[in-house]
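In: quick one, what's the 3D model for this:
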Amino acid sequence: MITRIFLTSLFILSFINTSISQDDAEALLKNIQDKYSSINDLSADFVQAVNQKVNLKGKVFYKKEDHLRFELDNALIISDGKSSWNYNKKQNKVIITDYDNEGGKILSIRHIIYDYPKDCELRTFESEGRTGLELIPKKDNFGFHSIKLTIDDNNLITKVLVDDPATGTIQLNLSNYQLNKNLPDSFFQFSPPEGSQVLDLR
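Out: Numbering: from 1, shown residues only. Next comes the predicted model:
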């Protein structure tokens, strides 16, 4: 009898803790969504590492909706939400693709904080004194196992950690945010330089 009561108590406590954790995750997600809803555009310095090895550094610019620009030492990646241009400066080569693919979406703030959570289990976690939000897909039709978002005191994302089944661990660190600088739409479009090799895959 005592054992049954003990097990029942454990089950109830487990259910309560899970509910609290889920409520905390939902509240954290809302804070993040509210913050990014108040932002029209932003820029930040970023460092990307794959399996803990840094492979990209540069600056990222974002503007609603799905306008992206990555400035790297030897490359420029730009999207206007419909098409994406990947320009290799050394090779003077441009590859143009449709934005609407999983590779593009996984870099999209809108998809990460508004679309993906609808089909994911949400959890909170603690890392380096910060509370973060973890997204775990409920089904296997996503291109990732999980995404972890680390948040600063202003509810801005400072780290994105993607568990990618094909690539491994992809980590993106963001810093030195600048918000609402009225970036023009033209900043997120690209005209291939004269003499460049253009490969249009749209």
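
In: can I get the strand or helix carrying Ser84 in PDB, CA atoms only?
Out: Element membership of Ser84 [criterion: DSSP states H and E] is strand 83-88. Taking Å, rounded to 0.1, in the frame of the first residue of the first chain, the C-alpha atoms of strand 83-88 are listed here in PDB:
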ATOM      1  CA  SER A  83      15.100  34.100 -54.100                       C
ATOM      2  CA  SER A  84      18.500  33.600 -52.500                       C
ATOM      3  CA  TRP A  85      21.900  34.700 -54.000                       C
ATOM      4  CA  ASN A  86      25.100  33.000 -52.900                       C
ATOM      5  CA  TYR A  87      28.000  35.000 -54.200                       C
ATOM      6  CA  ASN A  88      31.600  33.700 -54.000                       C
END
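
In: check the offset of that strand from the chain's centre.
Out: With Cα atoms, centre = their mean, to the nearest Å as the basis, strand 83-88 stands 19 Å off its chain's centre.

In: again, but for stretch 178-194
Out: 20 Å.

In: coming back round to it: name the residues that touch the strand holding Ser84?
Out: With contact meaning Cβ atoms under 8 Å, 6 or more residues apart in numbering, strand 83-88 is reached by 68, 74-79, 93-99, 104, 190, 192, 196, 202. C-betas here are computed from N, CA, C, even on glycine.

In: pull up the pairing partners for it, direction included.
Out: The sheet places strand 83-88 alongside strand 75-79 (antiparallel), strand 93-98 (antiparallel), with pairing taken from DSSP bridges.

In: now, of the contacts of strand 83-88, which are buried?
Out: Neighbour counting with 16 or more other Cβ atoms under 10 Å marks Leu68, Leu76, Ile77, Ile78, Ser79, Val94, Ile96, Thr97, Tyr99, Gly104, Phe190 as buried within these.

In: partners of the fourth one in the sheet?
Out: If I follow you right, that is Ile78. When assigned by DSSP bridges, Ile78 has beta-bridge partners Arg69, Trp85.

In: that one contacts Leu68, doesn't it?
Out: Yes: look at Ile78 against Leu68 with Cβ atoms under 8 Å: they come within range, at 7.1 Å.

In: which neighbours do the two share?
Out: Common contact partners of Ile78 and Leu68 (Cβ under 8 Å, 6+ apart): Ser84, Phe188.

In: which residues in this structure form strands?
Out: If you assign secondary structure with DSSP state E, the strands in the chain sit at 41-50, 53-63, 67-72, 75-79, 83-88, 93-98, 120-127, 130-137, 146-151, 157-164, 168-179, 197-200.

In: the first one pairs with which strands, and in what direction?
Out: According to DSSP bridges, strand 41-50 forms sheet pairs with strand 53-63 (antiparallel), strand 168-179 (antiparallel).

In: and the strands paired with strand 83-88 as TSV, adding distance to Asp23?
Out: Supplementary listing: the strands paired with strand 83-88 in TSV, determined by distance: least, Cβ to Cβ, whole Å:
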stretch	distance to Asp23
strand 75-79	35
strand 93-98	38
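
In: how much space separates Gly195 from Gly143?
Out: Distance, Gly195 to Gly143, by Cβ to Cβ, to the nearest Å: 35 Å.
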